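**Student:** Need coordinates for the following:
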Amino acid sequence: MTKRTRTILFIICVILFAVIAPLVVFYSQGYRFDFEIKKIVQTGAFYFKVLPRGVEIYLNGKLIKKTSVLTSSALIENLLPKSYEIQIKKEGYRFWQKNLEIKEKQVTEAKNIILFPENPKLEILIKNVGDFWFSPDGKKIVIYESAAASPPSSNWNLKLYELEKNIKSQLIQEKDIYLRGANLLNLEFSDDSKEIYLNIGMKEQEKNFVLELNKFPPILTERKISSISENVVASQSLNNKIYYLDNSGYVFKTDSSPDFFQKGTGLKINAKPFSVQPETEYKLRVFQDYIFLQEKKSLYLFDQDSESFEKFFDGISNLKISPDLNKLVFSSKSEIWILFLKDSDSPFLYQKGDKVFLTRISEKIDNIFWLNSYYLIFNSGSKIKIAEIDDRDGISIIEIAEFESPKIFWNKTDKKLYILSNGNLYSSTPLLPS
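**Tutor:** Numbers count the residues shown, from 1 in each chain. Got it, this is the predicted structure:
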C-alpha cells in the first residue's frame, strides 16, 4: 500500500469518525429522527407495573414486552414522543387498554394496573339469609335469618359464620330477648370484632344489648349507653378525640371521655355557626384534617379560610376513605367523584383538595367500596362493576356479575366479594391477584 493510499484511508477514517461519533453520542442520549414531523427529537419511555405477573404489553397492536415474573414491571425505552395505543393482556383475564402519550425526555408511568379474571367464580356460601354484617377484622359474618327478606321481622335468628373455620353457629333468637316479640333495629360490631351491639325495639320502647362472641355460649347483657346532652346533634370519635355538633351550630373537638357531652367543652372548630334545623338528621364525618357535616343528603365541608361549613356536594349517598388514607370516594345516585386529601403523583398528578369527577352511571349507584387505593367496586342496579380511578384517556369500567337487587360487601381481608341476593349469600374467588 502506497503512502498516498494510506493517507487517503486515514482521511476517510477521520471523516467517518467525525460523522459517526456524534451520531452515536446523540443516539445514546436518546435522540432520534422523527420521519413524521421531519425533525430530531429526544425519546421517552413507558414504565408499567401490573398484577398478575407475566403479562404481555402491546403498543399500537404490536407485542413489545412481557412484565418480569419477579417484579411484575416493565420499562420500554427509546420511544418517539407521540400517543400510543396500549393493550396489556394475559390469558384468562380482562385486558387493560389506554392511549397514553410519550413526551420528550420523560417516563410515562402506569404502575397500578390490575387485570381482573374474565369469569370470577361465585358460589353460594349460605342460604336463607335476610341480611348480613361483617366484623371489622373480616373474619366473621353475623347472619340474620327469618321468614321475611330483611329486618325488622318476627321469629328471627342471628347466627355467626366464621370464615376461617367454615363454621356456622347459633348466636341468639328473638325469644331469647323478649317472648312477646322484638324487632332488630340495628346491629354493629365492636372495633375489636369480639362483641356485637344490638338495638332492639320491644313494644313502645328501645333497648340496647351487647353480645360477647368470645364466650361460649355467647353472653347477652343489657348495654348502658351514656346519656347524650340534648344540645348535641351529631358526634364522631377519631384518634381518641371526639367531634360533636351542638344545636347552636358549632362543632367542637374534645378529648374522649364518658362525660364530655355533659361538660360541653372543647375546641370550637367553626367561627360562623351552621344553621341547624329541628327534627333533621345530621352526621359528622372526619378524615384527617377534613371535617364534613352531612344534613340529610347535602354534604358540607369545613373551610379553614372562612372558618365555616360550605356546601360541598348534593345528593350524597357514599363517602369512604381509600386504604392509603389519601383519597375519598363520594357518590350520588348516578355520579362518582374522588377528593384528594394529599398531593398525588400516582397514577397522575393531583394536588391536595382536588375534586375530580370520575364517571356517571345510568342506573342508581348503591354500595361502593375501595378494592385497593386505585380501584373501586360498586353495584349499579343489578350489575356489579369495577372501575379504575386513572382518568387519563377515560376510565376503564368492567362488569363482573349481575344479580337481582344485590347487597354487596368487599372483604379486604380475604380479597373476596360477598353478594346477598334472593336470600342467598354468595362469595367470589379472590379478585385481587397476589
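
**Student:** Just the residues contacting the helix or strand hosting residue 312, thanks.
**Tutor:** Element membership for residue 312, per DSSP states H and E: strand 308-314. With contact meaning Cβ atoms under 8 Å, 6 or more residues apart in numbering, strand 308-314 is reached by 251, 270-272, 274, 292-293, 297-303, 330, 332, 337. C-beta: built from backbone N, CA, C; applies to glycine.

**Student:** what comes up buried for it?
**Tutor:** Neighbour counts over strand 308-314 (16 or more other Cβ atoms under 10 Å) mark 308, 309, 312, 313 as buried.

**Student:** Filter the contacts of strand 308-314 down to just the ones in strands.
**Tutor:** Of the positions in those, 251, 292, 293, 298, 299, 300, 301, 302, 303, 330, 337 sit in strands, assigned by DSSP state E.

**Student:** The last one contacts residue 357, correct?
**Tutor:** Yes. Residue 337 is in contact with residue 357 according to Cβ atoms under 8 Å; the separation is 5.7 Å.

**Student:** Of the two, which one has the most company?
**Tutor:** Of the pair residue 337 and residue 357, residue 337 is the one with more neighbours under other Cβ atoms under 10 Å, namely 19 against 10.

**Student:** So which residues of the stretch 151-300 of the chain form helices?
**Tutor:** For the stretch 151-300 of the chain, the helices defined by DSSP state H, counting those that start in this stretch occupy 174-177, 260-263.

**Student:** Tell me how many other residues surround residue 240.
**Tutor:** Residue 240 has 8 neighbouring residues, counting by other Cβ under 10 Å.

**Student:** next SSE after the worst-scoring helix or strand of the chain on mean pLDDT?
**Tutor:** Lowest on mean pLDDT, DSSP states H and E among the helices and strands of the chain sits strand 31-34, with a mean of 52. Heading C-terminal from strand 31-34, the first helix or strand you meet, by DSSP H and E, is strand 39-42.

**Student:** For that next one, name the packing helices and strands.
**Tutor:** strand 31-34 (3 or more Cβ pairs under 8 Å, 6 or more residues apart in numbering; DSSP states H and E).

**Student:** And the pLDDT at residue 189?
**Tutor:** Looking at residue 189, its pLDDT is 96.

**Student:** so what's the residue lying closest to it once chain neighbours are set aside up against?
**Tutor:** The shortest distance from residue 189 to any non-neighbouring residue, by Cβ to Cβ, 6 or more residues apart in numbering, is to residue 135 (4.9 Å). Shown in contact with residue 135 (Cβ under 8 Å, 6+ apart): 141, 142, 189, 193.

**Student:** Likewise for residue 424?
**Tutor:** By Cβ under 8 Å, 6+ apart, residue 424 lies in contact with 124, 126, 127, 129.

**Student:** Which of those fall in strands?
**Tutor:** Judged by DSSP E, strands contain the following of these: 124, 126.

**Student:** now the contacts of residue 424 in CSV, with neighbour count?
**Tutor:** Formatted as CSV, these follow (neighbours: other Cβ atoms under 10 Å):
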residue, neighbour count
124, 13
126, 19
127, 10
129, 25
